[in-house]
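Novice: need a structure here:
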Amino acid sequence: MAKWEFNEAKPSDKNREAMQGEFFATSSPVQALVREAFQNSLDEKRDDVDGPVRIRVYVSGSNGAVSPGNMTPYLDGAWKHFEAERNELKNRPSRDEPCCFIVFEDFATKGLNGDVNQYYAVTGTKNPFYYFFRAEGQSEKSRSDRGRWGIGKFVFPRASRIKTLFGLTVRSEDNKRYLVCQAILKCHEVDGKQYHPDGWFGEFSEQKLPLPLEDNEFIKQFCKDFRLNRESETGLSIVVPYCDPDIHIYQVVKAVIKDYFYPILAGKLYVEIEDPDQKIVLEVGSLVPALEALDDKSLIDELIPRIKLASWATTVTEKEFIYLKLPPSDVAPKWSGDLISEENSSELREKLENEKEIAIRVPIIVSEKGQSDVNSFFDIFMKRDERAESGKPVFIREGIIITDVSCRPARGVLSIVEAHDEGIAKFLGDAENPAHTQWLKGSSNFDDKYNYGPSYLNFVKNSVSELIRFLSEADEKEDRTLLTDIFSIPAPEEFRKQVTKPTQPTGDGPEPPIEPIPPPVPKRYRVNKVVGGFSIVPGDAEIKLPMKLNVKVYYDMRGGKPDYSKEDFVLGHTPINIESKGIKGSVKNNQLEADILRPDFLIAVKGFDEKRDLLVHVDADYAEEKNATI
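Specialist: Take a look at the predicted model:
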C-alpha cells in the first residue's frame, strides 16, 4: 500500500541539509525551472524519433488548482512533516488550501530507464531512474550532454512551497509507467523524533527501499487531477505542487523565448504552454508574434534583433562560412591578425561596413591533459547594428544560452557565439557552473584539466571583441595628427611647417591668412607612453600642493565607447605593476587615485597588452587640467 515515509535519524548518521537549490538562487523560480527542465529533455531525445523534442508546460493558476479533498491521496501522512517547526518551509500552505501547480512534460524522449531497485551507483551501468530520484551530486550524463552536475533536478522541489515533486515516466526500454513522489525538506522533528530531509511516497521493500507506484487506476486519477497529457508515449512528466500561485503563463513564455529561442529556430524544440484558458505554441514561425504579444518593450528590443540573427544563422550552409586559421596548439592561444587572411579580412570589413550578416568558423584545438588533442571549432554570427549598445554576444552551447558569460563587449555589433561541435562543447560544458549561466576557469570540472585551459576559455569568450578590434585596426588609414592628440607631444617642426604650408591660389581671390598652431597649454602633469603602459610626471606649469589626480584606464574598443572589464586587467594585480614616488594612492579595478605630495612625483603603470590601444583618462582638481587623455 502506498504511503509517505521520511527517514528517521540514527545516532551514527551525520545530519546534512539539502543546499543544492541554492545554486539556482540567482534565477527566478520560473527561469530556473525552464532552463533545467528543457535542458534535460533535449538531452534525452530518442534516436529513433524524427522531428523536435516536444515540451508541454501547464500552469494551473488559481482557476485550475486541485481541491484540498483531491490532494488527500497524494499527501496524506506527509502534512505533519510539512508543518514541523524546523523544516524551514517558507510560505507553506495549509491543508485546506487548493493546490496550484505547474507541469513539465516532454515527448519524443526516452523516459527514466533503468533498474528501479538500484540504490547506489554501479560503474558502467546507465540508470537515469536512479540518478534522477536517488542520487545527489552524481550524474551519469557524459561530458557531451548539456547537464552534468547532477543537481539540476533540485529546481523542481525548490519551486514548491512544500519542497515536493511528483514524477511520472513512461520508459522506452520496457514501456512501463511509474509514478514517484518525493519531498526534500530540512532536518526536522515530528512527535519527538528526528528526521532526515528526504521523504518518499510509494511502496517500500523489506529493506525500506522506496519503490515507484505502478497502480494504473491511481496513476490514471493522478493524470486527471494534474491535467497531464501523458498516456503511453515515452518521456517524463514532472508536477510541482503548491507552486507560487502568482506564476502565470506569460512568465513561462518569456523564460522559454529568452533561453531557448535558438533550438526552437533550429527546429529541435517545439513548446506548448497552457493554462486553463489558453494555449501558446512556440515554434519556428511563432516566436516573434508570441514575443510581441508580451507587451514588454525592453524585452522585445533586446530579443527581436537576436532572434532575427539566430534565424539567419540556422540557415547558413558550410560553404557560406568564412574560415579562420587554426591558432598554434603548443602555446596559449591569442587573437592576432595572423588568424585572418588578407582576403577574408577585406570581405569581413566590407560586410561589417554594409551591415550584412557574417558567419565565421573558428578552428580550435581542445587539449585535455593525458588525452589526444581534438580538432574542433566554434561559430560566430554577427552584423553591425548600432542599436546593440551593450555589445555583448549571445553565447550558446548545444542550444543552451549561457546568460552571464564575462567577456569584453563589442559595442555596436550584434553577435552570437555558438558551440555545438563535440570537442569544444565538452570543453565549455566543463567550465560551466551548476546553473549553466557562466563559464568559469575555476570550475571543479574544468580546473587544471586542459592544457592552456583558461587561455582557450578567454579565446572563446572574447572572440567577437578581438575580431572587431583587428578588423578595425586593419581598416584604419595612417593619420599623423593622431600622436598629437593622444600623447600631448608637440608635433615635429618639419610636420608643423607641412601643416601650415599655404595652399596654391585658386584664382577666386586672395587666400585667407594661415592661422598658426598655438603652443600647448602648460600643464601641471604630463601623461607619457612607456613600453607596456604609461607614466604620469610633472608638467611645465608650477605644481601647487596638495594636488589630487583621479586616473581611469581602459583598452580602446573599436566600434563603440571604451568599456572596462576585469577580464582585461586589474590595476595592482599581475601582470599590471605600479611604480610611484611622492604620492599617496589607492587602486580599484581600473581606477587609481593619487594625492600628490611632492613636486617631483612619478606614477608609472606597466604590464598592459602592447598589441592593444590604451586609453588613460586623468581628472585633476584644477578645472583646466580635467580629462587629459592618452
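
Novice: let me see the contact set for Ser565.
Specialist: Ser406, Cys407, Arg408, Pro409 (C-beta atoms under 8 Å, 6 or more residues apart in numbering). Quick note: C-beta positions are derived from backbone N, CA and C, even for glycine.

Novice: just the buried residues of the residues you listed.
Specialist: Cys407, Arg408, Pro409 (16 or more other C-beta atoms under 10 Å).

Novice: list just the nearest of those to Leu457.
Specialist: Checking those against Leu457 with C-beta to C-beta, the nearest one is Cys407 at 10.2 Å.

Novice: which residue packs closest to that closest one, ignoring adjacent ones?
Specialist: The shortest distance from Cys407 to any non-neighbouring residue, by C-beta to C-beta, 6 or more residues apart in numbering, is to Lys461 (4.2 Å).

Novice: surely that neighbour meets Asp404?
Specialist: No - with contact defined as C-beta atoms under 8 Å, Lys461 does not count as touching Asp404 (11.4 Å).

Novice: these two: which is more packed in?
Specialist: The residue with more neighbours, out of Lys461 and Asp404, is Lys461; 24 against 14, by other C-beta atoms under 10 Å.

Novice: in the stretch 451-600 of the chain, which spans are helices?
Specialist: Listed in chain order, the helices of the stretch 451-600 of the chain (DSSP state H, counting those that start in this stretch) span 453-461, 463-475, 482-487, 493-500.

Novice: between those helices, which gets the lowest average pLDDT?
Specialist: If you rank the helices of the stretch 451-600 of the chain by mean pLDDT, helix 482-487 sits at the bottom with a mean of 31.

Novice: rewinding a little: could you identify the most distant pair in the contacts of Ser565?
Specialist: Applying C-beta to C-beta across these, the maximum distance is between Ser406 and Pro409, 10.6 Å.

Novice: rebuild the contacts of Ser565 as JSON lines, extending it with secondary structure, distance to Gly199 and pLDDT.
Specialist: Shown next, in JSON lines, are the contacts of Ser565 (DSSP: H, G, I helix; E, B strand; the rest coil; distance: C-beta to C-beta, whole Å; pLDDT from 0 to 100):
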{"residue": "Ser406", "secondary structure": "coil", "distance to Gly199": "40", "pLDDT": "91"}
{"residue": "Cys407", "secondary structure": "coil", "distance to Gly199": "43", "pLDDT": "92"}
{"residue": "Arg408", "secondary structure": "coil", "distance to Gly199": "48", "pLDDT": "90"}
{"residue": "Pro409", "secondary structure": "coil", "distance to Gly199": "47", "pLDDT": "89"}
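
Novice: nearest to Glu389, of those?
Specialist: The shortest gap between Glu389 and any of the contacts of Ser565 belongs to Pro409, at 9.1 Å (C-beta to C-beta).

Novice: now the closest one: how far from Phe569?
Specialist: Between Pro409 and Phe569 the computed distance is 15 Å (C-beta to C-beta, to the nearest Å).

Novice: kindly report the same for Val66.
Specialist: Taken as C-beta to C-beta, the span from Val66 to Phe569 is 57 Å.

Novice: compare the two (neighbour count), which wins?
Specialist: Phe569 (22 against 19).

Novice: pLDDT value on that one, please?
Specialist: In this prediction Phe569 is given a pLDDT of 87.

Novice: wait, it sits on Phe608?
Specialist: Yes - counting by C-beta under 8 Å, Phe569 touches Phe608, with 6.6 Å between them.

Novice: can you list residues touching both of the two?
Specialist: Ile576.

Novice: so, low pLDDT: which residues of the stretch 201-350 of the chain?
Specialist: Applying pLDDT under 70 to the stretch 201-350 of the chain picks out no residues at all.

Novice: tell me where the stretch 351-500 of the chain has strands.
Specialist: According to DSSP state E, counting those that start in this stretch, the stretch 351-500 of the chain carries its strands in the segments 358-366, 374-384, 394-397, 400-402, 413-419.

Novice: which of the ones you listed has the lowest mean pLDDT?
Specialist: Looking at those, the lowest mean pLDDT belongs to strand 400-402 (a mean of 92).

Novice: phi, psi for Leu236 please.
Specialist: Dihedral pair for Leu236: phi -130, psi 140, per degrees, to the nearest 10.

Novice: name the nearest residue to it, sequence neighbours excluded.
Specialist: Once flanking residues are discounted, Leu236 sits nearest to Thr169: 4.8 Å by C-beta to C-beta, 6+ apart.

Novice: and for Ser205?
Specialist: Leu211 (6.1 Å).

Novice: I figured the one you found hits Asp115, correct?
Specialist: No - Leu211 is beyond contact range of Asp115, at 11.2 Å (criterion: C-beta under 8 Å).

Novice: when the two are compared, which one has more neighbours?
Specialist: Set Leu211 next to Asp115 and count neighbours by other C-beta under 10 Å: Leu211 wins out with 15 against 11.

Novice: does the more buried one have any beta-bridge partners, and if so which?
Specialist: Glu203 (DSSP bridges).

Novice: so how far is Asp246 from it?
Specialist: Applying C-beta to C-beta, the value for Leu211 to Asp246 is 36 Å.

Novice: kindly report the same for Ser535.
Specialist: Taken as C-beta to C-beta, the span from Ser535 to Asp246 is 58 Å.

Novice: same drill for these two, tell me which one is more crowded.
Specialist: Neighbour comparison, Ser535 and Asp246: the larger count goes to Ser535, with 17 against 9 (by other C-beta under 10 Å).

Novice: for Phe608, which non-adjacent residue is closest in space?
Specialist: Of all residues not flanking Phe608 in the chain, Gly533 sits nearest, at 5.0 Å (C-beta to C-beta, 6+ apart).

Novice: check contacts around the one you found.
Specialist: By C-beta under 8 Å, 6+ apart, the residues touching Gly533 are Ile576, Ala604, Val605, Lys606, Gly607, Phe608, Leu614.

Novice: which of these count as buried?
Specialist: Ile576, Ala604, Val605, Phe608, Leu614.

Novice: these in strands, which ones?
Specialist: Among the buried ones among the contacts of Gly533, the ones falling in strands (DSSP state E) are Ala604, Val605, Leu614.

Novice: ok so, going back, farthest-apart pair in the contacts of Gly533, please.
Specialist: Ala604 and Leu614 (13.3 Å).

Novice: touching both of the two, which residues are there?
Specialist: Common neighbours of Ala604 and Leu614 (C-beta under 8 Å, 6+ apart) are Gly533, Phe534.

Novice: would you mark the buried spots in stretch 230-244?
Specialist: By neighbour count with 16+ other C-beta under 10 Å, stretch 230-244 contains the buried residues 230, 233-244.

Novice: of all those, which comes closest to Val53?
Specialist: Gly235 (8.9 Å).

Novice: verify the contact between that closest one and Phe107 for me.
Specialist: Yes - using C-beta under 8 Å as the test, Gly235 is close enough to Phe107 to be in contact (4.9 Å).

Novice: overlap in contacts of those two?
Specialist: Any residue near both Gly235 and Phe107 by C-beta under 8 Å, 6+ apart counts here, and not one turns up.

Novice: on that earlier part again, got a list of what the residue nearest to Ser205 touches?
Specialist: Counting by C-beta under 8 Å, 6+ apart, Leu211 has contacts Val116, Asn117, Gly202, Glu203, Phe204, Ser205.

Novice: the closest residue in space to the second one that isn't next to it in sequence and Gly202: what is the separation?
Specialist: Using C-beta to C-beta, 6+ apart and skipping the chain neighbours, the partner closest in space to Asn117 is Leu209 (6.8 Å). Remark: distance between Leu209 and Gly202 (C-beta to C-beta) = 10 Å.

Novice: and Leu339, by the same measure?
Specialist: 58 Å.

Novice: before we move on, what about Asp244?
Specialist: Counting by C-beta to C-beta, the gap from Asp244 to Gly202 is 27 Å.
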